[in-house]
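Engineer: attaching a predicted model along with its sequence, questions to come.
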Number of protein chains: 2
Amino acid sequence: MRGGIVPKEVQHKLFDEGWAEVGYDLCFDCIEGRSSLITKPPIKSHLEQIAKFFGGDVAEHTFGCRASQFAVMKGVNDVAEDQKRKKIVIGDPNSHYSTSIAAEMCGLKIVEPPHTGYPEYRVTPDAIKDKIAEVGKPALVAVTHADPYFGNIAPLKEIGEICYDKEIPFMINAAYTGGVIPINMKELKADFLTLSAHKSMASIGPLGYLVTTYEWNKDTFALSKITPDWTGRAFGKKIPNIFGCSIGSLPLVSSVLSFPEVKRRVKKWPSWEKKINTFIDDVEDLGDIMLLGERPHAHHLLHFETPDFWNISKHHKRRGFFLAEEMLKRGIVGLHKGLSKHVKLSIYGLTDKEIKQVIDALSEISNMKTAIKKKN
Amino acid sequence: MRGGIVPKEVQHKLFDEGWAEVGYDLCFDCIEGRSSLITKPPIKSHLEQIAKFFGGDVAEHTFGCRASQFAVMKGVNDVAEDQKRKKIVIGDPNSHYSTSIAAEMCGLKIVEPPHTGYPEYRVTPDAIKDKIAEVGKPALVAVTHADPYFGNIAPLKEIGEICYDKEIPFMINAAYTGGVIPINMKELKADFLTLSAHKSMASIGPLGYLVTTYEWNKDTFALSKITPDWTGRAFGKKIPNIFGCSIGSLPLVSSVLSFPEVKRRVKKWPSWEKKINTFIDDVEDLGDIMLLGERPHAHHLLHFETPDFWNISKHHKRRGFFLAEEMLKRGIVGLHKGLSKHVKLSIYGLTDKEIKQVIDALSEISNMKTAIKKKN
């Protein structure tokens, strides 16, 4: 969530410049027949910049990272037989559900290497290698850069090498990293990078991007070939895998406006990594609270196991809801309602003062256990 | 375009209430695992209202009318073999390109009955009937309610009867009508109604709806069955044909806020029909200008053949661009840039004073021909 916050000045521009008045305004600037080809406003060059920024060759905007993943799988599926690859996707076990759904939409099976289990839940290159040995050449290896459960960073470089050696298409789902953490897909030997603009690129949703290489461009972004028989119309600029054209609407404009700030903030990532690990130490010092996932942690999504809070919830009249509600009372939003055994949170983009407020709030709530013990 | 204008007060609410701050805000209110099941804010009941308003049983929001059409075709395609239907869509010859692209995405062929040609370009029930006789039972008959070329209203009731008698699934693409003109899909014997919220329901894009019947609900909105093997995860609330969940983001909120006004304005359609036909008469009185498509006209999209303007453009230093530019000078936006042989416009939602301004502008531009004649 924190990577998706839209800068105030972007919000104002969207409104003041009338982009919210007709929510698909760019279609009226479209001469070429696809939103990604519009030069005024500069959508075409924006997409070129997106591709370059992530170390790829070609980018298209999509209806979200899930639509990007669908386009990838549709593209690899279409050539799977020709290229003697099985109708299987090897996906990491911590993947977002949208990876499985995209496979399902394309009629692809999804198989998973195991992770290392509690408490780190890591994906290892060896597990991927073993899975390939087991199933044969899959249509795609799809790995989540930072996973949505633990915020673990996958060993992409090693997996990229494996896929490159075995000539298997390799997709990185960067929904939780692209726009926050530096990524160069070519250095990682990736063929596809899927991005969520509303999750990690400070944009209004639904919007995603798909970046690929020149090699895969022709299959993934293949142009329309259908011709209805009587009119004989052709739609040669349209890309079926992204619905012909993914519509030039307000979310895309918001992303164009936010992108300069996104580029700036990605450079500052190393300082965030330090802040995040200090925060983890401070939170774990509060009592029976432990970070799950890898350490040192290299992503802003934090998943704590909180037996202390779970104990409090058993004695609290609001049960599991007490935690999100107590945090809310202290001005901290975004915790999943109803859960207290585990807490997922992010301090990305907060000021030092705000980070301290989060720690203080968790500390105060943690102290409720003393009150409960005394009562019993 | 005119059906997609977002009311000023809705724009204000979106910004003032912070819906633009995190562009996929509804995901944080999601407990059930699909945006369409969220009860607070009332997305679930909004979708129930949408279904009811259009005379259907079940509605889901989508990434746009193109995504709705894709879901329809994916659903009918999945059961085409079982139900002994051919992998063919019969589509009207005036359909939007997104109908063909949706077919292409699903591996369906698209065939067209002829229209009646210049100057009316009507689709007739007989042409549909003949096409069915020719190709056999198709997977779907897809007809555009008001087409994007001429704004003709298709003879839906008759086509619905034909499809009902022959047990062929029938989809109405109401991208240009749903939210402007009253529609009851059951009266029209339609199985599917595809809608564009940003085109005709006063919403921010990209957003569409798909309304269907209880009968088709289980195929079209079939729940996910995929299970990645190692984790054994299941995603039983997700609907693959709409990407699992079509994300609860700002466009959806805008549509919830706009819907009361949309319901009100649809009731006023008969008075618009009168205004539009008076406008056509007034414009045709200006000179060598003629409406294409059916008359009386029953939709707000108007397509005029304008040989007068074409002649002017030949002598104008801005060539074909002069028309949109001259209109712009007079405060009238939205004309396609570069075209002057034909003009497509809509007066929907304009005040009487504004409509007069459009006629005056066209009249002034039309008079430029006299100046040219004198010069030569």
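Structural biologist: That came through, no problem.

Engineer: okay, and A:H12 sits in which element?
Structural biologist: helix A:8-16 (DSSP states H and E).

Engineer: now for that helix, which elements pack on it?
Structural biologist: helix A:250-267, helix B:8-16 (3 or more Cβ pairs under 8 Å, 6 or more residues apart in numbering or on different chains; DSSP states H and E). C-betas here are computed from N, CA, C, even on glycine.

Engineer: is it possible to get JSON lines of these that adds mean pLDDT, mean neighbour count and distance to A:L223?
Structural biologist: Compiled in JSON lines, the helices and strands packed on helix A:8-16 are given as follows (pLDDT from 0 to 100; neighbours: other Cβ atoms under 10 Å in any protein chain shown; distance: least, Cβ to Cβ, whole Å):
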{"stretch": "helix A:250-267", "mean pLDDT": "96", "mean neighbour count": "21", "distance to A:L223": "21"}
{"stretch": "helix B:8-16", "mean pLDDT": "90", "mean neighbour count": "16", "distance to A:L223": "36"}
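
Engineer: okay if I get those helices as JSON lines plus distance to A:E134?
Structural biologist: As requested, the helices and strands packed on helix A:8-16 are arranged in JSON lines below (distance: least, Cβ to Cβ, whole Å):
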{"stretch": "helix A:250-267", "distance to A:E134": "37"}
{"stretch": "helix B:8-16", "distance to A:E134": "50"}
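
Engineer: next, the angle from the helix holding A:H12 to helix A:250-267.
Structural biologist: 160 degrees (axes from the mean of the first three to the mean of the last three Cα atoms, to 10 degrees).

Engineer: anything in the helix or strand following helix A:8-16 near chain B?
Structural biologist: Counting by DSSP H and E, the next helix or strand C-terminal to helix A:8-16 is helix A:43-53. No: applying Cβ under 8 Å from any Cβ of the partner chain, one finds helix A:43-53 separated from chain B by no less than 14.4 Å.

Engineer: report the angle between the axes of helix A:43-53 and helix A:250-267?
Structural biologist: Angle of helix A:43-53 versus helix A:250-267, following the same axes, to 10 degrees, is 30 degrees.

Engineer: packing partners of helix A:43-53?
Structural biologist: Against helix A:43-53 (3+ Cβ pairs under 8 Å, 6+ apart) you get strand A:58-62, strand A:208-212, helix A:250-267.

Engineer: wait, A:V10 touches A:A202, no?
Structural biologist: Yes: at 7.3 Å, A:V10 counts as touching A:A202 under the criterion of Cβ atoms under 8 Å.

Engineer: which neighbours do those two have in common?
Structural biologist: Common contacts of A:V10 and A:A202 (Cβ atoms under 8 Å, 6 or more residues apart in numbering or on different chains): A:258, A:261.

Engineer: can you give the strand pairings for the helix or strand hosting A:L140, parallel or anti for each?
Structural biologist: Applying DSSP H and E as the criterion places A:L140 in strand A:138-144. Strand A:138-144 pairs in its sheet with strand A:86-91 (parallel), strand A:170-173 (parallel), by DSSP bridges.

Engineer: and the angle for the next helix or strand after it with strand A:138-144?
Structural biologist: Sequence order places helix A:156-166 as the next helix or strand after strand A:138-144, per DSSP H and E. Angle, helix A:156-166 to strand A:138-144, by the same axes, to 10 degrees: 170 degrees.

Engineer: got a list of contacts for helix A:156-166?
Structural biologist: A:125, A:128-129, A:132, A:137, A:141, A:143, A:145, A:168-170, A:172, A:187-190.

Engineer: does A:E112 really touch A:I90, like I thought?
Structural biologist: Yes: contact status for A:E112 versus A:I90: in contact at 7.4 Å, counting by Cβ under 8 Å.

Engineer: the residue in the stretch 1-150 of chain A that chain B sits nearest to pairs with what?
Structural biologist: Nearest residue of the stretch 1-150 of chain A to chain B: A:G23, at 3.2 Å (Cβ to the nearest Cβ). Beta-bridge partners recorded for A:G23 (DSSP bridges): B:I204.

Engineer: got a list of what it touches?
Structural biologist: A:249-250, B:4, B:6, B:198, B:203-205, B:207, B:251, B:254.

Engineer: how about a cut-off of 7 Å?
Structural biologist: With contact taken as Cβ atoms under 7 Å, 6 or more residues apart in numbering or on different chains, A:G23 is in contact with A:249-250, B:4, B:6, B:198, B:203-205, B:251, B:254.

Engineer: next one: it from A:K199, what distance?
Structural biologist: 21 Å (Cβ to Cβ, to the nearest Å).

Engineer: what do you get for A:I168?
Structural biologist: 27 Å.

Engineer: in terms of neighbours, single out the busier of these two.
Structural biologist: Under the criterion of other Cβ atoms under 10 Å in any protein chain shown, the comparison of A:I168 against A:K199 puts A:K199 first, with 30 against 21.

Engineer: is the helix or strand harbouring the more buried one up against chain B anywhere?
Structural biologist: Assigned by DSSP H and E, A:K199 falls within helix A:197-200. Yes: against chain B, helix A:197-200 shows contacts by Cβ under 7 Å from any Cβ of the partner chain at A:H198.

Engineer: so how far is that helix from its chain's centroid?
Structural biologist: Here helix A:197-200 is found 7 Å from its chain centre; the criterion is Cα atoms, centre = their mean, to the nearest Å.

Engineer: quick check: closest non-adjacent residue to A:F192.
Structural biologist: A:M171 (4.0 Å; Cβ to Cβ, 6 or more residues apart in numbering or on different chains).
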